[in-house]
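Colleague: predicted model and sequence follow; I will ask about them next.
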Amino acid sequence: MGSLSGDRLAAEEAFEELFRAARMLLREGVSEEEIMFPTIAFAAAGGAASAWRELLATAWSGECRRSSLSDLAGGLYDYLTGPPWVKEWLSAAEVNCWSFISNEFMDYYAVLPLAVVDGVVLLLREPVQVGFLYESQDAELPCETTLSILQGPKRPPPELVAKTYRSALSKDGIPWSEEYLWPTKTEHRVSEGLLVISVYPGSPPRPQVRFNSKPVKVDNVEDLLKPGASSLPEQVEKLAFPPPEWVEHYYAAVLKMGESREIRGRPGPAPDPNHFIPACVAWFLSSLVGGRKEVHRLLNKHVLHILAKELPEEGFSTSETNRLWRDANKVGARLRKAYAEFRNPCFEAGNGSFTYEE
């Protein structure tokens with residue numbers, strides 16, 4: 001185990017992919033936050049992300065032969081848990097390799113690969129993501145469904161949130177009822193640029209039967225078998241999640257509340273990538289090299305020459321450096337969350353520590 005703190009050469013090597021991604025985004029003029037954040041965070045990540053980068057680049061290049069994919073699978077499997085399925089699905093990718101590998105990546109990270117440009121994987125973080133939480137591996141029904149809704153200049157409409165929720169439940173075969181809008185536990189929170197809605201399963205209205213000529217509610221199957229019961233329903237509804245309409249109405253109501261300001265579309269143009277992207281790089285570098293002089297030096301050498309700009313390395317402040325660090329502070333929370341989604345165990349973002357294994 002070696003420490004990179006204060007080691008200039010190691011710092012430059014550690015963030016080589018990050019520098020490359022920043023240069024590509026600047027050259028291409030990418031200004032969409034939903035692309036910039038995941039692309040930059042993924043470029044900075046190690047571990048499984050490194051293996052995925054190589055795998056996606058191979059798929060994008062068209063050199064998707066079984067032999068090369070099998071070689072890559074060995075490195076990727078070191079970072080994955082579960083049964084040894086990696087080589088099996090890699091060997092199955094024969095015709096449209098990019099489509100196959102990018103879909104697997106999206107299932108693993110919930111982020112969509114758009115292309116590989118100049119060796120950089122360009123990613124899109126879709127505005128609504130759905131996740132499921134199970135109490136155990138044997139559980140058939142999730143105990144919670146979460147919808148993570150992205151903050152941004154264009155907030156997703158309630159109809160898109162409901163459509164994404166419907167698609168996710170249908171894809172995983174998770175039951176929901178189209179017939180009822182029954183009260184169920186639903187809650188939300190705003191955290192680091194996301195509105196997170198948690199939906200829990202509930203019971204639809206219990207079927208009614210007549211017992212001794214009086215309508216009663218059924219609490220369990222045994223009630224249906226009592227003498228005197230008539231008009232028995234064919235089955236009793238199990239626990240299920242509320243329908244997409246419920247989620248649509250709930251989200252629309254949250255948008256009308258004061259706390260929804262954090263997810264409302266911001267007025268004005270998209271952020272200027274010429275300032276935004278260097279600020280993202282500065283945020284990552286500050287956790288590694290610490291001093292601003294060294295961060296400025298690395299930015300000058302690896303990123304800002306694309307813009308024909310240069311920051312002072314002597315330690316004094318200018319309007320340009322003040323803006324850089326002001327913007328870096330603004331993007332920190334979003335970058336930290338985007339970075340955490342790529343699960344690099346070696347880097348504790350924002351804690352001022354960075355280690356690597358030789």
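Modeller: Yep, it's here.

Colleague: contacts and neighbour counts: CA atoms only from here.
Modeller: Fine.

Colleague: for the stretch 101-250 of the chain, give me the ranges with low pLDDT.
Modeller: Low-confidence segments of the stretch 101-250 of the chain (pLDDT under 70): 151-154, 179-184, 192-193, 203-238.

Colleague: need the strands for it, in chain order.
Modeller: Read by DSSP state E, counting those that start in this stretch, the stretch 101-250 of the chain holds these strands, from start to end of the chain: 112-117, 120-124, 128-133, 144-150, 186-191, 194-199, 208-211, 214-217, 229-230.

Colleague: figure out which of those strands is closest to residue 318.
Modeller: Taking CA to CA as the measure, the strands of the stretch 101-250 of the chain were each checked against residue 318, and strand 120-124 came out nearest at 31.6 Å.

Colleague: tell me the strands beside that closest one, with direction?
Modeller: Strand partners for strand 120-124, identified by DSSP bridges, are recorded as strand 112-117 (antiparallel).

Colleague: and the strand it pairs with, what's buried?
Modeller: Of all the residues in strand 112-117, those buried under the rule 16 or more other CA atoms under 10 Å are 112, 113, 115, 116.

Colleague: out of those residues, which comes closest to residue 58?
Modeller: residue 116 (9.5 Å).

Colleague: of the strands of the stretch 101-250 of the chain, which is nearest residue 302?
Modeller: Go through the strands of the stretch 101-250 of the chain one by one with CA to CA and the one that ends up closest to residue 302 is strand 120-124, at 15.1 Å.

Colleague: and the closest one, C-alpha only, in CSV?
Modeller: This file holds the C-alpha atoms of strand 120-124, laid out as CSV (Å, rounded to 0.1, in the frame of the first residue of the first chain):
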residue,chain,number,x,y,z
VAL,A,120,-13.4,8.5,-22.6
VAL,A,121,-16.7,6.8,-21.8
LEU,A,122,-19.5,9.4,-22.2
LEU,A,123,-22.3,8.6,-19.7
LEU,A,124,-25.8,9.9,-19.2
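
Colleague: hmm, who's touching it?
Modeller: Applying CA atoms under 8 Å, 6 or more residues apart in numbering, the contact partners of strand 120-124 are 17, 20-21, 24, 34-36, 38-39, 43, 53, 56-57, 111-116.

Colleague: could you rerun that using 6 Å?
Modeller: By CA atoms under 6 Å, 6 or more residues apart in numbering, the list of residues contacting strand 120-124 from outside reads 21, 34, 35, 38, 39, 111, 112, 113, 114, 115, 116.

Colleague: what of stretch 162-178?
Modeller: Applying CA under 6 Å, 6+ apart, the contact partners of stretch 162-178 are 240, 241, 242, 243, 244, 247, 248.

Colleague: sort out for me which of these are in helices.
Modeller: By the criterion of DSSP state H, membership of those in helices covers 244, 247, 248.

Colleague: helices of the protein, residue ranges please.
Modeller: According to DSSP H, the chain carries its helices in the segments 8-14, 16-28, 33-44, 48-61, 66-77, 86-92, 97-109, 158-171, 221-224, 244-255, 273-288, 292-302, 319-340.

Colleague: in JSON lines: these, plus distance to residue 141.
Modeller: Supplementary listing: the helices of the chain in JSON lines, determined by distance: least, CA to CA, whole Å:
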{"stretch": "helix 8-14", "distance to residue 141": "42"}
{"stretch": "helix 16-28", "distance to residue 141": "40"}
{"stretch": "helix 33-44", "distance to residue 141": "30"}
{"stretch": "helix 48-61", "distance to residue 141": "29"}
{"stretch": "helix 66-77", "distance to residue 141": "29"}
{"stretch": "helix 86-92", "distance to residue 141": "26"}
{"stretch": "helix 97-109", "distance to residue 141": "19"}
{"stretch": "helix 158-171", "distance to residue 141": "11"}
{"stretch": "helix 221-224", "distance to residue 141": "20"}
{"stretch": "helix 244-255", "distance to residue 141": "17"}
{"stretch": "helix 273-288", "distance to residue 141": "39"}
{"stretch": "helix 292-302", "distance to residue 141": "49"}
{"stretch": "helix 319-340", "distance to residue 141": "27"}
